[in-house]
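Colleague: turn this into a structure:
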Amino acid sequence: MGVADHTHRRPDLRRSVELFRAFKVEQTDPARFYGLLARDTVAQVSQWTALTGQRVLDVGGGPGYFADAFEAAGASYAGLEPDAGELTAAGITGQNTLRGSGLALPIADASVDVAFSSNVLEHVPAPRVMADEMVRVTRRGGLIYLSWTPWLSPWGGHETSPWHYLGGDRAANRYAEKMGHRPKNDFGTSLFACPISEMLDWTREAEQAGRVRRVAVLPRYHPWWAHWVITVPGLREVVSWNAVIVLEKR
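Modeller: Below you'll find the predicted structure:
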């Protein structure tokens, strides 16, 4: 990895409150939330690797909110998105975006410096396969950044929350009856349970195989003094809200 930018401020309570306030308008003002999240996340990634001149692959990049933030940091950005509708959802038509599946990346081995994914693992039926693919396309010494919403977190059911605590199918059916259409994040089709424990098991296996080195595991939106929650089995699944695993390719 390149020389990291250690000038990034320590994640404090003020940052958490700003992100939460923006999250409350995610549906009505997505540009506000995702723009803020993109800038915050790129600054976070810069703690572990210098982005200037780096080739970044954003798996599940959607409408491109992260593109501007990565490019502003000096990175060469490419996004990958399976859903054509997502590519134009924000009126952004990025030229450096591919259509493809995170489960079979149309990218050569060891061809990117940073493999990045924000809130995608819970939308694929085989998150371990996607994580394996991200490791495959990353060069030796490069960075893999995985962030997702655990199923048991308060937002685990996405727009069907908090009814997902009574079961994903029940929550999706309740939403359909109330709204007159299936939820965008429909359990078993476009939304799946992805526990933190499962991805930590995958991480340990990848480390033992000599494929990666664990760099960080943390709750994405929490202030630094609350990062300990990610270390407590069971508790972390509920209170982490969003989990991050950062790896170095070996």
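
Colleague: next, count neighbours for the closest residue to Thr41 other than its chain neighbours.
Modeller: Excluding the flanking residues, the one nearest Thr41 by C-beta to C-beta, 6 or more residues apart in numbering is Ser118, at 6.4 Å. From N, CA and C alone the C-beta is placed, and that goes for glycine too. Counted with other C-beta atoms under 10 Å, the neighbours of Ser118 add up to 23.

Colleague: tell me what Ser118 is bridged to.
Modeller: Ser147 (DSSP bridges).

Colleague: rounded mean pLDDT for the helix or strand containing Leu247, please.
Modeller: According to DSSP states H and E, Leu247 maps onto strand 243-249. Confidence over strand 243-249 (mean pLDDT, whole number) is 98.

Colleague: mind exporting that strand as CSV, just the C-alpha atoms?
Modeller: What follows is strand 243-249, C-alpha atoms only, in CSV (Å, rounded to 0.1, in the frame of the first residue of the first chain):
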residue,chain,number,x,y,z
ALA,A,243,-19.5,-3.0,9.5
VAL,A,244,-16.2,-2.4,7.8
ILE,A,245,-13.4,-4.9,7.1
VAL,A,246,-10.2,-3.6,5.6
LEU,A,247,-7.6,-6.0,4.2
GLU,A,248,-4.2,-5.9,2.5
LYS,A,249,-3.6,-8.4,-0.4
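
Colleague: got a list of what Arg182 touches?
Modeller: If a contact means C-beta atoms under 8 Å, 6 or more residues apart in numbering, then Arg182 has 172, 175-176 as its contacts.

Colleague: need phi/psi at it.
Modeller: phi -70, psi 150 (degrees, to the nearest 10).

Colleague: need the pLDDT of it.
Modeller: pLDDT, Arg182: 97.

Colleague: likewise for the one 3 residues further on?
Modeller: Reported pLDDT at Asn185 in the predicted model: 96.

Colleague: try Gln27
Modeller: Note on Gln27: pLDDT of 75.

Colleague: doesn't it belong to a strand?
Modeller: No: counting by DSSP: H, G, I helix; E, B strand; the rest coil, one finds Gln27 to be coil, located in no strand.

Colleague: okay, the closest residue in space to it that isn't next to it in sequence and Gly62: tell me how far apart.
Modeller: In space, and not counting its chain neighbours, Gln27 is closest to Glu159: 7.8 Å by C-beta to C-beta, 6+ apart. Separation of Glu159 from Gly62 (C-beta to C-beta, to the nearest Å): 16 Å.

Colleague: the more surrounded of the two?
Modeller: The neighbour count for Glu159 versus Gly62, taken as other C-beta under 10 Å, is higher for Gly62 (23 against 17).
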